[in-house]
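Novice: Return a 3D structure for these sequence lines:
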Amino acid sequence: MSSEKIREYRKGVQESQTRFWSRFGVTQSRGSRFEMGLEIPAPVSILLNLYLNGVISDVDLKLAHH
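Specialist: As a prediction, the model looks like this:
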């Protein structure tokens, strides 16, 4: 998924960068760089794609952090 589409999705669900990216273990500043086109590391990219395609949920991501 392109950085532009990720940014559009995040804005469409009206979430701050901090809230959106924190579910993937990413800081706001790094998430901002991803949205500007910095390459997203594979583990984050995989989680992000699974999340955006409805395969995993916020609950799944919270469980993974513990």
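Novice: C-alpha from now on. contacts and neighbour counts both.
Specialist: Noted.
Novice: would you put the C-alpha positions of the least confident helix or strand in the chain by mean pLDDT in CSV?
Specialist: Scoring the helices and strands of the chain by mean pLDDT, DSSP states H and E places helix 58-64 at the bottom, with a mean of 90. Written as CSV, here are the backbone C-alpha positions of helix 58-64 (Å, rounded to 0.1, in the frame of the first residue of the first chain):
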residue,chain,number,x,y,z
ASP,A,58,-6.9,-3.6,17.5
VAL,A,59,-7.5,-6.4,20.0
ASP,A,60,-5.1,-8.7,18.2
LEU,A,61,-2.4,-6.0,18.0
LYS,A,62,-2.8,-5.2,21.7
LEU,A,63,-2.4,-8.9,22.6
ALA,A,64,0.8,-9.0,20.5
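Novice: Residues touching that helix, excluding its own?
Specialist: 23-24 (CA atoms under 8 Å, 6 or more residues apart in numbering).
Novice: Count the neighbours of the closest residue to Ser3 other than its chain neighbours for me.
Specialist: In space, and not counting its chain neighbours, Ser3 is closest to Glu35: 4.7 Å by CA to CA, 6 or more residues apart in numbering. Counted with other CA atoms under 10 Å, residues neighbouring Glu35 total 20.
Novice: From here on, call the first residue 27.
Specialist: Understood, numbering begins at 27; the last thing we discussed is Glu61.
Novice: what separates Glu61 from Ala90, distance-wise?
Specialist: 23 Å (CA to CA, to the nearest Å).
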